[in-house]
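**Student:** predicted model and sequence follow; I will ask about them next.
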Amino acid sequence: MELCRLYTVLKDFSIPLAALIWAVYSYYRDNKRVLSIRQVGHEYSDRVTNGPNSMTNYSVEVAITNDSPRANIVVAYYSLQLPWKDDSFDPLPDPSEFDPPSQLYEIHPEPIQVERERVLNHRRYQSGKLGPGEAFRGFFLAKGESPIPQDLQNCDPVEVRFVVEDTRGREYRSGPIYLHRR
């Protein structure tokens with residue numbers, strides 16, 4: 001008798017339970033946030049250099065793709081995960097906000113100039129929205145005050161990771177990215 005009642009209860013709830021499990025799975029699958037990051041530069045574009053006045057300059061060319069099935073991803077911040085500590089690490093500011101405005105990012109001391117449209121640094125928030133299947137490709141330019149440590153002075157290339165943080169606070173990290181010393 002008990003077994004018959006248990007069978008009836010299970011039979012009555014199995015279809016709604018399966019539908020609920022499928023709905024939760026489908027929602028999770030469709031809203032999963034996946035961002036892929038890969039290095040697309042070469043030894044001349046992907047660099048780390050010690051400049052004068054203890055400044056260290058960073059340049060890397062990457063492609064960032066939203067591989068999410070349906071979720072939009074809005075970029076809030078870009079960074080590099082370095083093999084040394086640099087508390088002063090900072091992306092170069094948007095030259096369009098200077099007085100007077102410019103359309104060129106400048107890396108000193110050379111100086112090297114890169115057209116604003118080829119740089120990712122300012123592609124954040126409103127201009128950093130990636131729909132499913134969309135991609136950004138460009139340079140990330142940064143500076144810091146900590147020189148390349150002595151134990152890495154002979155390493156060429158230097159291995160780092162590119163980090164993207166979205167507006168929800170989630171971080172996406174690339175695989176190894178190699179910066180060449182100059």
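**Tutor:** Right, received. Where do you want to start? In this text the structure is predicted, and so the values were computed from the model without any measurement.
**Student:** pLDDT wise, what is residue 26 at?
**Tutor:** As predicted, residue 26 sits at a pLDDT of 60.
**Student:** swap that for residue 110, sorry
**Tutor:** Residue 110 is assigned a pLDDT of 73 by the prediction.
**Student:** tell me the pLDDT at the residue sitting nearest the centre point of the chain?
**Tutor:** Closest to where the C-alpha atoms of the chain average out (CA atoms, centre = their mean) is residue 164, at 2.4 Å. Here, the pLDDT recorded for residue 164 equals 98.
**Student:** low-confidence ranges in this structure?
**Tutor:** Low-confidence segments of the chain (pLDDT under 70): 1, 6-7, 9-15, 17-31, 52, 109, 182.
**Student:** please enumerate the helices of it.
**Tutor:** With DSSP state H, the ranges of helices along the chain come out as 2-31.
**Student:** returning to what we had before: relative to residue 78, how far out is the residue nearest to the centre of the chain?
**Tutor:** Computed with CB to CB, to the nearest Å, the distance linking residue 164 and residue 78 is 6 Å. Bear in mind the C-beta positions are built from the backbone N, C-alpha and C, glycine included.
**Student:** could you do residue 64 as well?
**Tutor:** Distance, residue 64 to residue 78, using CB to CB: 9 Å.
**Student:** common neighbours of the two, please.
**Tutor:** By CB atoms under 8 Å, 6 or more residues apart in numbering, residue 64 and residue 78 have these common neighbours: 120, 164.
**Student:** contacts for stretch 89-103 next, please.
**Tutor:** Taking CB under 8 Å, 6+ apart as the rule, stretch 89-103 contacts 78-80, 82, 104-107, 115-117, 119, 121-122, 140-144, 146.
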